[in-house]
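Novice: Sequence below, structure please.
(one chain, ligands or ions: 1)
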Amino acid sequence: MTNRPGTHECEAFGCGRLIHARFLFCLRHWAMVPWDTRRMLRTHGKDRESTLYRYSLLRARADIADEEVMRFAPSTEEEIRYDKAARTIGVEAERLLECIVRGEA
Ligand SMILES: [Zn+2]
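Specialist: Modelled structure (predicted):
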């Protein structure tokens, strides 16, 4: 998909909605981000290359995918897909957090 200038796709798994470049998620998905994660994103958003920012973004994406799982009936193709995404992104976030804690990142 070719984005219009100043836009990009929502960062949520499976969304693809085009949004203004200054936002990370479309409104629907931003509403699913827990308050503590929103606070982390704001705090570390000044340096988007920082490990803490990357961790916050992964945490938000995992939480959103986790929330999306609830929309689907158990064991349907979509439910399985979102559940897998939530766990994969969650594991990635936890790995990064372990590196932060150990002082390796
Ligand atoms: Zn979205």
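Novice: Residue 74 versus the residue positioned nearest the centre of the chain, what's the distance?
Specialist: The centroid of the chain falls nearest to residue 61 when counting by Cα atoms, centre = their mean (1.8 Å). Residue 61 is 22 Å from residue 74, where distance means Cβ to Cβ, to the nearest Å. Using the backbone N, CA and C atoms, a C-beta is placed for each residue, glycine as well.
Novice: The residue nearest to the centre of the chain reaches residue 87, doesn't it?
Specialist: No - if you go by Cβ atoms under 8 Å, residue 61 and residue 87 don't touch, sitting 11.8 Å apart.
Novice: What helices and strands are in contact with the helix or strand hosting residue 60?
Specialist: Taking DSSP states H and E as the definition, one finds residue 60 inside helix 51-69. Of the remaining helices and strands, those touching helix 51-69 by 3 or more Cβ pairs under 8 Å, 6 or more residues apart in numbering; DSSP states H and E are helix 35-44, helix 77-102.
Novice: how distant is that helix from the center of its chain?
Specialist: Using Cα atoms, centre = their mean, to the nearest Å, the mean C-alpha position of helix 51-69 is found 3 Å from that of the whole chain.
Novice: Then stretch 62-79?
Specialist: 14 Å.
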